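Q: The sequence and its predicted three-dimensional model are supplied below.
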Amino acid sequence: MAFGSFPIDVFTRVSPLDMLLPLESFERDLPVARSSARQFHENDNEYTLSLALPGVSPADLKLAVEDGVLTISGTTKLGTQEYNAAHRVRVPRDADPTLAKAAAENGILSISLPKRPKQTHEITVASSTDRLPKAAEGDCVLNLPFPGVRPSDFKVVCEDGVLSIAVETNSAHHATRSLKRMRLPENADVAAAAAAAEHGILTVIVPQGTSQAPKEDLTTKSTHRIAITNSSSASSL
């Protein structure tokens, strides 16, 4: 079944820039909203950030991404004057800091962060809940009312940790078009997710990962340092 376009007031995309997404969430703690003065802009391939740092020499700037936070620091002394840069900006979830590039020219620092390839998994909706696995403790289980909607009318997709449920049905007695989104836990095993629609109820089960990631050793955090070029061209470490 081909899904048509959705009404303009329906969100059809989740951007990692929206750190406080208007989503239903299984997580209590969401990243804080970004500062409007230090705002990443995005296109299909990357995120970019420009900061005015007058007086600070590119040679004195240090850029590093650690634990999802970009730190920009540096001090330049010119005679009796001292110019400082000190910024901390949370990077989007799907940005790749290992490929970051930066360039400084005429007091403007420009940073680009390529996007990682999207991880997309589509979940087939069965016609009977008997086909669903038994949910274990800690699994995400959704029971959502969709009266009049057939299993084939659903399109359930998980992309970059966000579950999207699209519905489009048009029968002699019922017509529905909607889109629902929610963020999944970090350890959700989307490859093992299952869904079924029966008696007007959509059930989705997303198991938690079989193994928990070990706690991070604060003394060995992964840090990506970014080299700065003093021109319009850019390079990175």
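A: Yes, it's here. Small disclaimer: the values here were computed from a predicted structure and weren't measured.

Q: partner strands of the helix or strand hosting V157, parallel or antiparallel?
A: Secondary structure assigned from DSSP states H and E places V157 in strand 154-159. Its sheet considered, strand 154-159 pairs with strand 120-123 (antiparallel), strand 162-170 (antiparallel) by DSSP bridges.

Q: buried stuff in the last one?
A: Meaning strand 162-170. Across strand 162-170, burial judged by 16 or more other C-beta atoms under 10 Å covers 162-169. For the C-beta atoms, the positions are set from N, CA and C on the backbone; glycine is no exception.

Q: Equivalent analysis for the shortest one, please.
A: Within strand 120-123, the residues scored as buried using 16+ other C-beta under 10 Å are I123.

Q: Could you number the chain from 14 rather than 1 from now on?
A: Let's use 14 as the start, then, which means that last one is strand 133-136.

Q: Need the strands paired with strand 167-172 in JSON lines (columns: mean pLDDT and distance to T89).
A: Converted to JSON lines, those look like this (pLDDT from 0 to 100; distance: least, C-beta to C-beta, whole Å):
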{"stretch": "strand 133-136", "mean pLDDT": "92", "distance to T89": "45"}
{"stretch": "strand 175-183", "mean pLDDT": "90", "distance to T89": "42"}
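
Q: These: which one's closest to D80?
A: Among the strands paired with strand 167-172, strand 175-183 comes nearest to D80, with 21.4 Å by C-beta to C-beta.

Q: so what's A201 bridging to?
A: Residues in beta-bridge contact with A201 (DSSP bridges): Q221.

Q: for this structure, where's the lowest mean pLDDT among helices and strands?
A: Ranked by mean pLDDT, DSSP states H and E, the weakest helix or strand in the chain is strand 37-38, scoring a mean of 41.

Q: residues contacting H54?
A: 60-62 (C-beta atoms under 8 Å, 6 or more residues apart in numbering).

Q: Now with 10 Å, please.
A: Residues near H54 by C-beta atoms under 10 Å, 6 or more residues apart in numbering: 30, 60-63.

Q: Give me the distance between stretch 78-94 and the centre of its chain.
A: Computed by C-alpha atoms, centre = their mean, to the nearest Å, the chain-centroid distance of stretch 78-94 equals 27 Å.

Q: show me where pLDDT drops low in this protein?
A: Scanning the chain for pLDDT under 70 picks out the ranges 14-51, 223-235, 244-250.

Q: ok, now with 50
A: Along the chain, the model assigns pLDDT under 50 to residues 14-15, 17-27, 29-50, 225-233, 245-250.

Q: ok, which stretches of it are helices?
A: With helices called from DSSP state H, the chain shows none.

Q: Tell me how far E55 lies from T189.
A: 32 Å (C-beta to C-beta, to the nearest Å).

Q: Much appreciated, bye for now.
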